[in-house]
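K.L.:
I would like to see how this sequence folds:
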Amino acid sequence: MKLSIHLHITGKVARKDITKFDLSKFHNIEQTWDEVFALITVEGVATSAEVKDNRRKESNFISRELIMVDIDENMTLEELHVDEFFLKYSAGFYTTPSHAADHHKFRIMFRLATPITDVAKLRKVTQGLLVVYKQADVACKDATRLFYGCVNATHCLKTELLLPDEVVDDLVELSDVVVSEVEAQPHKVYAPASTLEKEAVISLLSERFIGVYETWRNIGWGLRAGGYECSDFVRVTACAMREKSENDAAKIWNSYQSNGIGMGTVFNFLKKQYGEDIVKMIKASCAENINYLNGGKYEVEYARLRELRLKQSKAKLNILRRNAKDAK
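P.N.:
Predicted coordinates:
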């Protein structure tokens, strides 16, 4: 199995200590599944995809054979052990460092029968798994996302199961269904943000490693279109794109032209990192209750889209689960 590891991180790094590590510097290795599982669940090593030049960023992606899904809410280990998809296709799981007896947190592991070398396909497979496991953290779609290990994980299980190519194809198709539903959502027009809302957005952006140049650039352009200051983007860059300087951020800021990129781009990034309800959470946390959507239709449109998504995804999701059950 080919993947990359961070040589100096074991277990989960505390937020206050993140700046001590270069989270983009990973080293490729090739080991057996037994060895990889021990690295993650005993030694607690942080892992990612196989990457070029030992730099963990999406443009350096080579391949991924091990896909993981984070479960932090709404599922217990007991429920996992009777889940049909898990029993048929999962390579195992391990509890994460923040797991507790009254709040289960764990990571489900899937070994691909054929490693994926295409970023777009990997994103679709991961999106498909996030539909199968609606309890999962939606931030797990990045092709080169790092996954922290857990030193001597409290609970873990390793199997020899693989995710077959035909099921991978099903997951890609399932992802396409979801994407088509999202694209059917009415265009959102964001109102100018208050000072408190701007601070909330910048703080959230600063807590996530961006890594991909195009994403970082588009966030900068989106912030400028949304009425933010260059200093805000410099602050985000210092925390979330540390290889870039203040001058680099200023160049991106000054290169902005009206090109269709706006605050919707910024909010879409935040939703991928923090969940679909992050816009409402920002709004609720601020003293000035400004509705981000013209006409105050966010809640209505979001509810309508979610209902459509569930209806159109249900048939495909049932097929996946039925296939897993029949194949047992």
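
K.L.:
okay, the residue nearest to Asn152 when sequence neighbours are not counted: pLDDT?
P.N.:
In space, and not counting its chain neighbours, Asn152 is closest to Val42: 6.0 Å by Cβ to Cβ, 6 or more residues apart in numbering. For glycine as for every other residue, the C-beta is placed from the backbone atoms N, C-alpha and C. Looking at Val42, its pLDDT stands at 97.

K.L.:
same question, the one 3 residues further on
P.N.:
At Val45, the pLDDT value in this model is 96.

K.L.:
just grab the bridge partners of it for me.
P.N.:
On the basis of DSSP bridges, Val45 takes part in beta bridges with Thr10.

K.L.:
these two touch, right, the residue nearest to Asn152 and Lys158?
P.N.:
No. Applying Cβ atoms under 8 Å, one finds Val42 not in contact with Lys158, separated by 11.0 Å.

K.L.:
count the residues that sit near the residue nearest to Asn152.
P.N.:
Val42 has 15 neighbouring residues, counting by other Cβ atoms under 10 Å.

K.L.:
one more: Ala238?
P.N.:
With neighbours defined by other Cβ under 10 Å, the count for Ala238 comes to 15.

K.L.:
where does pLDDT dip in this protein?
P.N.:
15-16, 138-140, 178-193, 258-259, 283-328 (pLDDT under 70).

K.L.:
switch the cut-off to 50
P.N.:
Under the criterion pLDDT under 50, the flagged ranges of the chain are 182-183, 185-189, 287-302, 305, 312, 315.

K.L.:
residue ranges of the helices in it, please?
P.N.:
With DSSP state H as the criterion, the chain has helices at 33-41, 77-80, 84-89, 119-132, 165-183, 195-206, 213-225, 230-240, 246-254, 263-274, 278-285, 298-326.

K.L.:
out of those helices, nearest to Phe147?
P.N.:
Smallest distance to Phe147 across the helices of the chain (Cβ to Cβ): 7.7 Å, for helix 33-41.

K.L.:
check the offset of the closest one from the chain's centre.
P.N.:
22 Å (Cα atoms, centre = their mean, to the nearest Å).

K.L.:
please parse the chain into its domains.
P.N.:
The chain breaks down by automatic domain parsing into domains covering 2-163, 195-296.

K.L.:
format the ones you listed as TSV; extra columns: distance to Ser175.
P.N.:
Converted to TSV, the domains of the chain look like this (distance: least, Cβ to Cβ, whole Å):
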stretch	distance to Ser175
domain 2-163	4
domain 195-296	14
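
K.L.:
excluding chain neighbours, what is closest to Ile108?
P.N.:
In space, Ile108 is closest to Val69, 4.6 Å off (Cβ to Cβ, 6+ apart).

K.L.:
was I right to think that neighbour contacts Leu130?
P.N.:
Yes. Contact criterion Cβ under 8 Å: Val69 and Leu130 qualify, at 7.1 Å.
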